[in-house]
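Chemist: below is the sequence, then the predicted model.
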Amino acid sequence: MLFEKNLPKKFWAEVVHIAIYLLNGLPTRVIEGKTLVDAWFGLKPLVYHLKVKSLADVYARCNLATSNPTCFIEASKHDEWMVSMREELAMIEKNKTWSLCPRLEEIYVEQLEGFLVHGSEDTVYKLHKALYGLKQASRAWYRGIDAYLMQQGSDVQAMKDFMLVMKKEFDMSDLGEMSYFLGLEIKQCGNGLFLSQQKYAWDMMRKFNMESIIGSLLYLNANRPDIIFATSLLSRYMSSLTQVQLSVAKRVLRYVNGTVDYGICFGKNDHGGLSGYLDSDWVWSIDDAGSTSGYLFQFGIGVFCWNSCKHEVVAQSTIEAKYISIVEASNHTIWLRKMLFDMG
(Lines give C-alpha, C1' and ligand atoms only; values in the text may rest on other atoms or scores of the structure.)
Protein backbone atom coordinates (compact mmCIF):
# COMPACT_ATOMS: atom_id res chain seq x y z
CA MET A 1 0.00 0.00 0.00
CA LEU A 2 2.94 2.33 0.64
CA PHE A 3 4.25 1.71 -2.86
CA GLU A 4 0.79 2.17 -4.41
CA LYS A 5 -0.42 5.14 -2.34
CA ASN A 6 -0.97 7.14 -5.52
CA LEU A 7 -3.50 4.65 -6.95
CA PRO A 8 -6.80 6.07 -8.23
CA LYS A 9 -9.66 6.07 -5.71
CA LYS A 10 -11.62 3.43 -7.65
CA PHE A 11 -9.10 0.76 -6.58
CA TRP A 12 -9.24 1.50 -2.86
CA ALA A 13 -12.65 -0.11 -2.42
CA GLU A 14 -11.16 -3.45 -3.46
CA VAL A 15 -8.25 -2.95 -1.05
CA VAL A 16 -10.58 -2.29 1.89
CA HIS A 17 -12.75 -5.26 0.91
CA ILE A 18 -9.77 -7.62 0.98
CA ALA A 19 -8.57 -6.22 4.32
CA ILE A 20 -12.00 -6.80 5.92
CA TYR A 21 -12.16 -10.31 4.46
CA LEU A 22 -8.80 -11.17 6.04
CA LEU A 23 -9.79 -9.71 9.41
CA ASN A 24 -13.00 -11.74 9.47
CA GLY A 25 -10.99 -14.89 8.88
CA LEU A 26 -8.64 -14.36 11.83
CA PRO A 27 -9.22 -15.62 15.40
CA THR A 28 -10.49 -13.11 17.95
CA ARG A 29 -10.51 -12.98 21.78
CA VAL A 30 -14.22 -12.12 21.89
CA ILE A 31 -15.19 -15.67 20.90
CA GLU A 32 -12.39 -17.47 22.74
CA GLY A 33 -9.78 -17.39 19.98
CA LYS A 34 -12.09 -18.75 17.26
CA THR A 35 -12.83 -17.35 13.83
CA LEU A 36 -16.30 -16.10 12.86
CA VAL A 37 -16.84 -19.04 10.50
CA ASP A 38 -15.82 -21.53 13.18
CA ALA A 39 -18.10 -19.96 15.79
CA TRP A 40 -21.13 -19.79 13.52
CA PHE A 41 -20.88 -22.96 11.44
CA GLY A 42 -18.46 -25.04 13.50
CA LEU A 43 -16.08 -25.38 10.56
CA LYS A 44 -12.55 -24.17 10.04
CA PRO A 45 -12.31 -21.52 7.30
CA LEU A 46 -10.67 -22.51 4.04
CA VAL A 47 -7.41 -20.68 3.45
CA TYR A 48 -5.89 -22.65 0.58
CA HIS A 49 -6.83 -19.90 -1.84
CA LEU A 50 -4.69 -17.38 0.09
CA LYS A 51 -1.16 -17.36 -1.30
CA VAL A 52 1.87 -15.22 -0.42
CA LYS A 53 3.32 -13.49 -3.46
CA SER A 54 6.97 -12.52 -3.09
CA LEU A 55 9.16 -10.14 -5.07
CA ALA A 56 12.38 -11.86 -4.02
CA ASP A 57 13.54 -12.36 -7.61
CA VAL A 58 13.02 -8.69 -8.40
CA TYR A 59 14.98 -7.57 -5.35
CA ALA A 60 17.75 -10.07 -6.11
CA ARG A 61 18.15 -8.60 -9.57
CA CYS A 62 18.25 -5.08 -8.12
CA ASN A 63 20.93 -6.03 -5.61
CA LEU A 64 22.97 -7.71 -8.32
CA ALA A 65 22.75 -4.61 -10.50
CA THR A 66 24.00 -2.29 -7.75
CA SER A 67 26.87 -4.48 -6.49
CA ASN A 68 30.44 -3.30 -7.07
CA PRO A 69 32.76 -5.37 -9.26
CA THR A 70 35.35 -7.44 -7.42
CA CYS A 71 37.94 -7.74 -10.22
CA PHE A 72 38.98 -6.09 -13.48
CA ILE A 73 37.11 -8.62 -15.65
CA GLU A 74 33.80 -7.70 -13.99
CA ALA A 75 34.52 -3.96 -14.11
CA SER A 76 35.51 -4.07 -17.80
CA LYS A 77 31.96 -5.11 -18.72
CA HIS A 78 30.60 -1.73 -17.63
CA ASP A 79 31.53 1.49 -19.41
CA GLU A 80 31.11 3.68 -16.31
CA TRP A 81 33.69 1.63 -14.40
CA MET A 82 36.15 1.79 -17.29
CA VAL A 83 35.78 5.58 -17.41
CA SER A 84 36.35 5.80 -13.65
CA MET A 85 39.49 3.64 -13.82
CA ARG A 86 40.92 5.66 -16.72
CA GLU A 87 40.35 8.92 -14.81
CA GLU A 88 42.10 7.56 -11.71
CA LEU A 89 45.02 6.26 -13.76
CA ALA A 90 45.31 9.60 -15.57
CA MET A 91 45.51 11.40 -12.21
CA ILE A 92 48.31 9.06 -11.06
CA GLU A 93 50.26 9.69 -14.26
CA LYS A 94 49.65 13.43 -13.97
CA ASN A 95 51.30 13.48 -10.54
CA LYS A 96 54.33 11.59 -12.00
CA THR A 97 53.95 8.81 -9.46
CA TRP A 98 55.80 6.16 -11.51
CA SER A 99 57.65 5.42 -14.74
CA LEU A 100 58.39 2.24 -16.73
CA CYS A 101 61.77 0.56 -16.20
CA PRO A 102 63.26 -2.97 -16.45
CA ARG A 103 62.26 -5.35 -13.68
CA LEU A 104 64.62 -5.18 -10.67
CA GLU A 105 64.62 -7.14 -7.46
CA GLU A 106 63.48 -4.26 -5.28
CA ILE A 107 60.69 -3.16 -7.65
CA TYR A 108 57.32 -4.70 -6.82
CA VAL A 109 54.65 -2.46 -8.41
CA GLU A 110 53.34 -4.20 -11.53
CA GLN A 111 51.31 -2.67 -14.34
CA LEU A 112 47.57 -2.54 -13.81
CA GLU A 113 45.47 -5.33 -15.27
CA GLY A 114 43.75 -4.11 -18.41
CA PHE A 115 46.01 -1.06 -18.72
CA LEU A 116 49.28 -2.63 -19.89
CA VAL A 117 51.50 -0.29 -21.94
CA HIS A 118 51.74 -1.61 -25.49
CA GLY A 119 55.23 -2.87 -26.26
CA SER A 120 56.28 -2.81 -22.57
CA GLU A 121 54.20 -5.66 -21.17
CA ASP A 122 57.23 -7.24 -19.42
CA THR A 123 58.21 -4.08 -17.53
CA VAL A 124 57.04 -2.78 -14.18
CA TYR A 125 56.56 0.64 -12.61
CA LYS A 126 59.38 2.30 -10.71
CA LEU A 127 57.98 4.54 -8.03
CA HIS A 128 59.10 8.17 -7.84
CA LYS A 129 56.64 8.92 -5.00
CA ALA A 130 55.09 6.93 -2.17
CA LEU A 131 51.96 5.40 -3.65
CA TYR A 132 48.72 5.68 -1.65
CA GLY A 133 47.87 2.36 -0.10
CA LEU A 134 51.45 1.45 0.76
CA LYS A 135 52.72 1.54 4.33
CA GLN A 136 55.36 4.11 3.41
CA ALA A 137 52.87 6.60 1.94
CA SER A 138 51.84 8.40 5.13
CA ARG A 139 55.40 8.40 6.50
CA ALA A 140 56.76 9.91 3.28
CA TRP A 141 54.05 12.57 3.28
CA TYR A 142 54.67 13.71 6.84
CA ARG A 143 58.43 13.58 6.44
CA GLY A 144 58.25 15.82 3.38
CA ILE A 145 55.83 18.34 4.88
CA ASP A 146 57.69 18.35 8.21
CA ALA A 147 61.03 19.10 6.56
CA TYR A 148 59.55 21.98 4.58
CA LEU A 149 57.73 23.53 7.54
CA MET A 150 60.80 23.28 9.76
CA GLN A 151 62.83 25.03 7.09
CA GLN A 152 60.38 27.85 6.44
CA GLY A 153 59.32 28.55 10.03
CA SER A 154 56.28 30.78 10.70
CA ASP A 155 57.01 33.57 8.23
CA VAL A 156 53.79 34.77 6.54
CA GLN A 157 55.40 35.35 3.15
CA ALA A 158 57.03 31.93 3.32
CA MET A 159 53.60 30.41 3.97
CA LYS A 160 52.20 32.09 0.87
CA ASP A 161 55.10 30.79 -1.18
CA PHE A 162 54.48 27.36 0.30
CA MET A 163 50.85 27.50 -0.83
CA LEU A 164 51.92 28.28 -4.37
CA VAL A 165 54.37 25.37 -4.35
CA MET A 166 51.70 23.01 -3.01
CA LYS A 167 49.22 24.08 -5.68
CA LYS A 168 51.77 23.31 -8.38
CA GLU A 169 52.67 19.96 -6.86
CA PHE A 170 49.15 18.78 -5.88
CA ASP A 171 45.59 19.47 -6.94
CA MET A 172 44.32 21.61 -4.08
CA SER A 173 42.37 24.80 -3.36
CA ASP A 174 42.74 27.57 -0.78
CA LEU A 175 39.72 27.79 1.55
CA GLY A 176 41.14 30.67 3.59
CA GLU A 177 41.91 30.65 7.30
CA MET A 178 40.66 27.63 9.22
CA SER A 179 37.66 28.43 11.39
CA TYR A 180 36.08 25.01 12.05
CA PHE A 181 37.63 21.54 12.10
CA LEU A 182 36.18 18.29 13.54
CA GLY A 183 34.00 20.10 16.06
CA LEU A 184 36.73 22.58 17.06
CA GLU A 185 36.05 26.27 16.49
CA ILE A 186 39.26 28.14 15.71
CA LYS A 187 39.45 31.90 16.16
CA GLN A 188 42.61 33.42 14.72
CA CYS A 189 43.75 36.81 15.91
CA GLY A 190 46.91 38.85 15.80
CA ASN A 191 48.40 37.49 19.01
CA GLY A 192 47.53 33.80 18.70
CA LEU A 193 44.78 31.17 18.40
CA PHE A 194 41.70 30.46 20.51
CA LEU A 195 40.20 26.95 20.39
CA SER A 196 36.69 26.20 21.66
CA GLN A 197 33.75 23.85 21.04
CA GLN A 198 30.86 26.23 21.54
CA LYS A 199 28.61 24.83 18.78
CA TYR A 200 29.24 21.26 19.86
CA ALA A 201 28.43 22.15 23.46
CA TRP A 202 25.11 23.74 22.45
CA ASP A 203 24.20 20.69 20.36
CA MET A 204 25.04 18.42 23.28
CA MET A 205 22.63 20.32 25.53
CA ARG A 206 19.73 19.06 23.40
CA LYS A 207 20.52 15.38 24.00
CA PHE A 208 18.74 13.43 26.70
CA ASN A 209 20.10 9.85 26.51
CA MET A 210 22.44 9.12 29.44
CA GLU A 211 25.04 7.09 27.52
CA SER A 212 25.03 9.61 24.68
CA ILE A 213 25.63 12.43 27.16
CA ILE A 214 28.71 10.72 28.63
CA GLY A 215 30.09 9.98 25.16
CA SER A 216 29.54 13.59 24.13
CA LEU A 217 31.28 14.86 27.26
CA LEU A 218 34.28 12.63 26.50
CA TYR A 219 34.50 14.19 23.04
CA LEU A 220 34.21 17.66 24.57
CA ASN A 221 37.39 16.92 26.54
CA ALA A 222 39.35 17.68 23.38
CA ASN A 223 39.76 21.26 24.56
CA ARG A 224 38.11 21.33 28.00
CA PRO A 225 40.55 20.12 30.69
CA ASP A 226 38.25 21.56 33.35
CA ILE A 227 35.75 18.69 32.94
CA ILE A 228 38.22 15.84 32.41
CA PHE A 229 37.85 14.49 35.96
CA ALA A 230 34.04 14.55 35.94
CA THR A 231 33.74 12.82 32.57
CA SER A 232 36.39 10.28 33.50
CA LEU A 233 34.47 9.51 36.68
CA LEU A 234 31.15 9.10 34.85
CA SER A 235 32.67 6.81 32.24
CA ARG A 236 33.57 4.28 34.97
CA TYR A 237 29.87 3.54 35.54
CA MET A 238 28.73 3.09 31.95
CA SER A 239 27.72 -0.54 32.58
CA SER A 240 25.77 0.20 35.79
CA LEU A 241 24.26 3.66 35.59
CA THR A 242 22.05 4.82 38.46
CA GLN A 243 20.18 7.95 39.45
CA VAL A 244 23.33 9.23 41.18
CA GLN A 245 25.33 9.21 37.94
CA LEU A 246 22.43 10.88 36.14
CA SER A 247 22.43 13.71 38.69
CA VAL A 248 26.20 14.14 38.30
CA ALA A 249 25.88 14.21 34.51
CA LYS A 250 23.16 16.86 34.72
CA ARG A 251 25.36 18.94 37.02
CA VAL A 252 28.21 18.74 34.49
CA LEU A 253 25.81 19.75 31.72
CA ARG A 254 24.68 22.77 33.72
CA TYR A 255 28.32 23.76 34.14
CA VAL A 256 28.98 23.34 30.42
CA ASN A 257 25.85 25.34 29.63
CA GLY A 258 27.27 28.29 31.54
CA THR A 259 30.77 27.97 30.08
CA VAL A 260 30.14 27.13 26.41
CA ASP A 261 32.53 29.88 25.33
CA TYR A 262 35.46 28.47 27.31
CA GLY A 263 38.48 27.31 25.34
CA ILE A 264 42.27 27.27 25.12
CA CYS A 265 44.38 30.19 23.94
CA PHE A 266 47.78 29.72 22.33
CA GLY A 267 49.94 32.83 22.19
CA LYS A 268 51.76 33.66 18.97
CA ASN A 269 54.93 35.03 20.56
CA ASP A 270 54.79 33.01 23.76
CA HIS A 271 58.15 31.45 24.66
CA GLY A 272 57.38 30.24 28.18
CA GLY A 273 58.61 26.71 27.49
CA LEU A 274 57.23 23.38 28.66
CA SER A 275 55.77 23.15 32.16
CA GLY A 276 53.56 20.62 33.91
CA TYR A 277 51.40 20.22 37.00
CA LEU A 278 50.03 17.16 38.79
CA ASP A 279 47.97 16.24 41.80
CA SER A 280 46.43 13.13 43.34
CA ASP A 281 44.19 12.01 46.17
CA TRP A 282 44.31 8.95 48.36
CA VAL A 283 41.55 6.31 48.55
CA TRP A 284 38.99 8.59 46.95
CA SER A 285 36.88 5.66 45.76
CA ILE A 286 35.21 3.91 48.69
CA ASP A 287 34.20 1.01 46.41
CA ASP A 288 37.69 -0.38 45.83
CA ALA A 289 39.99 2.02 47.74
CA GLY A 290 41.35 3.37 44.48
CA SER A 291 43.13 6.69 44.14
CA THR A 292 42.88 9.19 41.29
CA SER A 293 45.58 11.38 39.82
CA GLY A 294 45.63 14.06 37.18
CA TYR A 295 48.22 16.08 35.30
CA LEU A 296 48.40 18.73 32.61
CA PHE A 297 51.15 20.24 30.50
CA GLN A 298 51.33 23.62 28.88
CA PHE A 299 53.66 25.29 26.46
CA GLY A 300 53.71 28.93 27.38
CA ILE A 301 50.16 29.85 28.36
CA GLY A 302 48.43 27.23 26.20
CA VAL A 303 47.47 23.90 27.77
CA PHE A 304 47.87 21.13 25.20
CA CYS A 305 48.01 17.85 27.15
CA TRP A 306 46.05 16.64 30.17
CA ASN A 307 44.71 13.48 31.76
CA SER A 308 42.80 12.24 34.80
CA CYS A 309 42.82 8.53 35.58
CA LYS A 310 42.31 6.04 38.35
CA HIS A 311 45.34 4.19 39.70
CA GLU A 312 45.61 0.55 38.68
CA VAL A 313 47.09 -0.40 42.06
CA VAL A 314 45.93 0.41 45.58
CA ALA A 315 48.20 2.89 47.37
CA GLN A 316 48.89 2.20 51.05
CA SER A 317 49.53 5.83 51.92
CA THR A 318 49.40 9.34 50.52
CA ILE A 319 53.12 9.10 49.73
CA GLU A 320 52.55 6.04 47.56
CA ALA A 321 49.64 7.75 45.79
CA LYS A 322 51.81 10.80 45.09
CA TYR A 323 54.65 8.59 43.88
CA ILE A 324 52.39 6.76 41.41
CA SER A 325 51.16 10.10 40.06
CA ILE A 326 54.70 11.42 39.69
CA VAL A 327 55.78 8.30 37.78
CA GLU A 328 52.87 8.57 35.33
CA ALA A 329 53.47 12.29 34.75
CA SER A 330 57.24 11.77 34.44
CA ASN A 331 56.78 9.16 31.71
CA HIS A 332 54.63 11.59 29.79
CA THR A 333 57.15 14.37 30.37
CA ILE A 334 59.95 12.30 28.84
CA TRP A 335 57.81 11.58 25.80
CA LEU A 336 56.89 15.26 25.36
CA ARG A 337 60.52 16.38 25.68
CA LYS A 338 61.59 13.89 23.03
CA MET A 339 58.83 15.07 20.74
CA LEU A 340 59.78 18.74 21.21
CA PHE A 341 63.44 17.86 20.64
CA ASP A 342 62.59 16.16 17.34
CA MET A 343 60.61 19.24 16.32
CA GLY A 344 63.65 21.42 17.01
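Modeler: Right, received. Where do you want to start?

Chemist: would you map the strands across the stretch 1-150 of the chain?
Modeler: Secondary structure of the stretch 1-150 of the chain (DSSP state E, counting those that start in this stretch): strands at 98-101, 124-127.

Chemist: distance of the residue nearest to residue 196 when sequence neighbours are not counted relative to residue 250?
Modeler: For residue 196, the nearest residue in space outside its immediate sequence neighbours is residue 263; the separation is 3.1 Å by CB to CB, 6 or more residues apart in numbering. All C-beta atoms are positioned from the backbone trio N, CA, C, and that covers glycine. Residue 263 is 23 Å from residue 250, where distance means CB to CB, to the nearest Å.

Chemist: residue 41 too?
Modeler: Here the criterion is CB to CB. By it, residue 41 lies 63 Å from residue 250.

Chemist: sorry, back to before: next one: phi and psi at the residue nearest to residue 196?
Modeler: Reported as degrees, to the nearest 10, the phi and psi values for residue 263 are phi -160, psi -160.

Chemist: can you pull the contacts of it?
Modeler: 185, 194, 195, 196, 197, 198, 223 (CB atoms under 8 Å, 6 or more residues apart in numbering).

Chemist: next, give me the two most distant ones among these.
Modeler: Using CB to CB, the contacts of residue 263 reach their maximum pairwise distance at 194 and 197, which is 11.6 Å.

Chemist: higher neighbour count, these two?
Modeler: Neighbours around residue 194 and residue 197, counted as other CB atoms under 10 Å, are more numerous at residue 197. The numbers are 24 against 17.

Chemist: I figured that one was touching residue 217, is that so?
Modeler: No. With contact taken as CB atoms under 8 Å, residue 197 and residue 217 are classed as non-touching, separated by 11.0 Å.

Chemist: okay, now the unreliable bits of the stretch 151-300 of the chain?
Modeler: Under the criterion pLDDT under 70, the flagged ranges of the stretch 151-300 of the chain are 152-154, 205-211, 269-271.

Chemist: quick one: the helices in it?
Modeler: Under the criterion DSSP state H, counting those that start in this stretch, helices of the stretch 151-300 of the chain are mapped to 156-169, 198-205, 210-220, 228-235, 243-258.

Chemist: for the longest one, which positions count as buried?
Modeler: Right, the one you point to is helix 243-258. Residues of helix 243-258 classed as buried: 245, 249, 252, 253, 256 (neighbour count, 16 or more other CB atoms under 10 Å).

Chemist: can you check the second one too?
Modeler: Of the residues in helix 198-205, those buried under the neighbour-count criterion (16+ other CB under 10 Å) are 200, 201, 204.

Chemist: based on its surroundings, how many neighbours for residue 76?
Modeler: For residue 76, the neighbour count with other CB under 10 Å is 14.

Chemist: right, and it touches residue 83 too?
Modeler: No. In terms of CB under 8 Å, residue 76 does not count as a neighbour of residue 83; the distance is 11.5 Å.

Chemist: for residue 223, what are its contacts?
Modeler: Contacts for residue 223 (CB under 8 Å, 6+ apart) come out as 184, 195, 196, 197, 263, 264.

Chemist: ramachandran angles for it?
Modeler: With angles defined as degrees, to the nearest 10, residue 223 shows backbone torsions of phi -140, psi 30.

Chemist: from residue 179, how far off is it?
Modeler: For residue 223, the distance to residue 179 under the criterion CB to CB works out to 15 Å.

Chemist: and for residue 321?
Modeler: Residue 321 sits 43 Å away from residue 179 when distances are taken as CB to CB.
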